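> next comes the sequence, and after it the predicted model I'd like to discuss.
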Amino acid sequence: MTQTPSVLVVGAGAIGSFYGALLKKAGCHVSVVLRSDYEVVSQSGFEISSPMGNLSWQPDRVYRDGDRPDAAPDYLLLCVKVIPGVDRAALVRPWMGKNTTLVLIENGLDIERELADTYPANPLVSCLAFIAVSRTAPGQVSHQAYGQLVMGNFPKGFDSHCERLTGLFREAGIKVDQSQAIVGERWRKCVWNAAFNPLSVLCNGADTLTMLDAEGGEVLIRNLMREVMAVAKADGYPLPEDLVEKNIPGTRAMGAYKNSMALDYLNDRPIELDAILGNVVAIARQHQVAVPHLETILVALRMRQPSS
Ligand SMILES: NC(=O)C1=CN([C@@H]2O[C@H](COP(=O)(O)OP(=O)(O)OC[C@H]3O[C@@H](n4cnc5c(N)ncnc54)[C@H](OP(=O)(O)O)[C@@H]3O)[C@@H](O)[C@H]2O)C=CC1
Ligand SMILES: CC(C)(CO)C(=O)C(=O)O
């Protein structure tokens, strides 16, 4: 690897532009591949409002689909939504070198496999982002709170590429938890996402407190979370028994919060239904674990939004 790490962000929306900004702040060369924001960002860069201070930045190079890189990056951050019709392995192909470390900062469960299978010789780093950030206009991003990452190699382990990336993010001011077992961490986060995200869409983009305070709402959310935990256990990733007991007050303490899927729904964008819920139900079927609440919500959402 070069002295100054080179980073390429594919899908520099809310998450990609925020974590790209941090790596730029830590001294990396950071370039981006853009689609709809190409013209604006080429001219004016990213404007990011944040409680961490001014994170606005100009990428070293701005590419669009069809361009070719000057050189393959040390780290390729993939931050597109995990939705049907987006072939993520094909999307990164033009930018991957033989020594490029592929870094996923995306929600969902079992979302690494297609990339691991396509690029078996490249190190694969899987990250979970705990953050509230959204794109408000082309090239404009609002970071409201948090920012912590949980990081590890897929399917397990923590290599020197993870170690170096952790150091860069920490230098830029965010907390990074290092994990030797990232799949278990994905299950842990999914307990929250698979319960709250799809339900918020069924409730017309409701925030967390509206869902918890509706009559029977908290009971339903607890049931959804317990079902995800049962599937995780059957899949070999048992989670702490008190996770639901901790998640509920933890969520209340955040205040009324609209998750990323609620925002996608409210902005008429496709939702990550399979990545966050469909894959949990598919794994439940493999292990013959009954998940009636999760299944009902999945099917109802498929009826509502047949394309996602
Ligand atoms: N936002 C949040 O607070 C959180 C998000 N996450 C997860 O992070 C991931 C990213 O989410 P987020 O950043 O919010 O999503 P955004 O929609 O803000 O960003 C996704 C970006 O990917 C771009 N993109 C898609 N396809 C292509 C392509 N072919 N070429 C170039 N760019 C492309 C989109 O561009 P275009 O505008 O052209 O479509 C967009 O800029 C998701 O998995 C999400 O669940 C996790 C925790 C919190
Ligand atoms: C956990 C949370 C709510 C924020 O990081 C999230 O993953 C989302 O908005 O989808």
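Happy to help now that I have it. Ligands and ions are numbered 1, 2, ... in the order given.
> residue 38: how many residues sit nearby?
18 (other C-beta atoms under 10 Å). Heads up, the C-betas are built off the backbone N, CA and C, glycines and all.
> residue 32 versus the residue nearest to it when sequence neighbours are not counted, what's the distance?
What sits nearest to residue 38 in space, not counting adjacent residues and going by C-beta to C-beta, 6 or more residues apart in numbering, is residue 64, at 4.7 Å. From residue 64 over to residue 32 the distance is 10 Å, taken as C-beta to C-beta, to the nearest Å.
> who has more neighbours out of the two?
Remark: of residue 64 and residue 32, residue 32 carries more neighbours, 28 against 14, as counted by other C-beta under 10 Å.
> which element is the more buried one on?
strand 29-34 (DSSP states H and E).
> by contact count, what packs against the helix or strand just after that strand?
With elements assigned by DSSP H and E, the helix or strand that comes after strand 29-34 is helix 38-44. Helices and strands touching helix 38-44, as assessed by 3 or more C-beta pairs under 8 Å, 6 or more residues apart in numbering; DSSP states H and E, comprise strand 62-64.
> which residues are contacting the strand it packs on?
8, 31-35, 38, 41-42, 69 (C-beta atoms under 8 Å, 6 or more residues apart in numbering).
> ok, that strand near ligand 1 or not?
No: against ligand 1, strand 62-64 shows no contacts by C-beta under 6 Å from any ligand atom, the least distance being 7.2 Å.
> so what are the sheet partners of that strand and their directions?
Applying DSSP bridges, strand 62-64 is found paired with strand 29-34 (parallel).
> can you give the distance of the strand it pairs with from its chain's centre?
Computed by C-alpha atoms, centre = their mean, to the nearest Å, the separation of strand 29-34 from the middle of its chain amounts to 18 Å.
> is that strand up against ligand 1 anywhere?
Yes: applying C-beta under 6 Å from any ligand atom, one finds strand 29-34 touching ligand 1 at 33-34.
> using CSV, list the CA coordinates for that strand.
Only the C-alpha atoms of strand 29-34 are listed here, as CSV (Å, rounded to 0.1, in the frame of the first residue of the first chain):
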residue,chain,number,x,y,z
HIS,A,29,-6.6,10.9,-1.2
VAL,A,30,-10.3,10.5,-1.6
SER,A,31,-12.1,10.3,-4.9
VAL,A,32,-15.8,9.5,-5.7
VAL,A,33,-17.9,7.8,-8.3
LEU,A,34,-21.2,9.7,-8.7
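> relative to residue 105, how far out is residue 184?
Taking C-beta to C-beta, one finds residue 184 at 18 Å from residue 105.
> ok, now residue 85?
Distance, residue 85 to residue 105, using C-beta to C-beta: 20 Å.
> same check on residue 171?
Where residue 105 is concerned, residue 171 sits at a distance of 17 Å (C-beta to C-beta).
> higher neighbour count, these two?
Per other C-beta under 10 Å, whichever of residue 171 and residue 105 has more neighbours is residue 105, with 22 against 13.
> so who does the nearest residue to that one once chain neighbours are set aside touch?
Using C-beta to C-beta, 6+ apart and skipping residues adjacent in sequence, the residue nearest residue 105 is residue 127, 4.6 Å away. By C-beta under 8 Å, 6+ apart, the contact set of residue 127 is 103-105, 149-151.
> in strands, which of these fall?
Here DSSP state E is the test, and the contacts of residue 127 give 103-105, 149-151 as lying in strands.
> contact partners for whichever residue of the stretch 151-300 of the chain sits closest to ligand 1?
In the stretch 151-300 of the chain, the residue that lies nearest ligand 1 is residue 260 (4.2 Å; C-beta to the nearest ligand atom). Residue 260 makes contact with 107, 134, 197, 272 under the criterion C-beta under 8 Å, 6+ apart.
> what's the lowest-pLDDT member of those?
Looking at these by pLDDT, the weakest one is residue 134, with 94.
> can you tell me the SS state at that residue?
At residue 134 the chain is in strand, as set by DSSP: H, G, I helix; E, B strand; the rest coil.
> and residue 23, by the same measure?
When classified by three-state DSSP, residue 23 comes out as helix.
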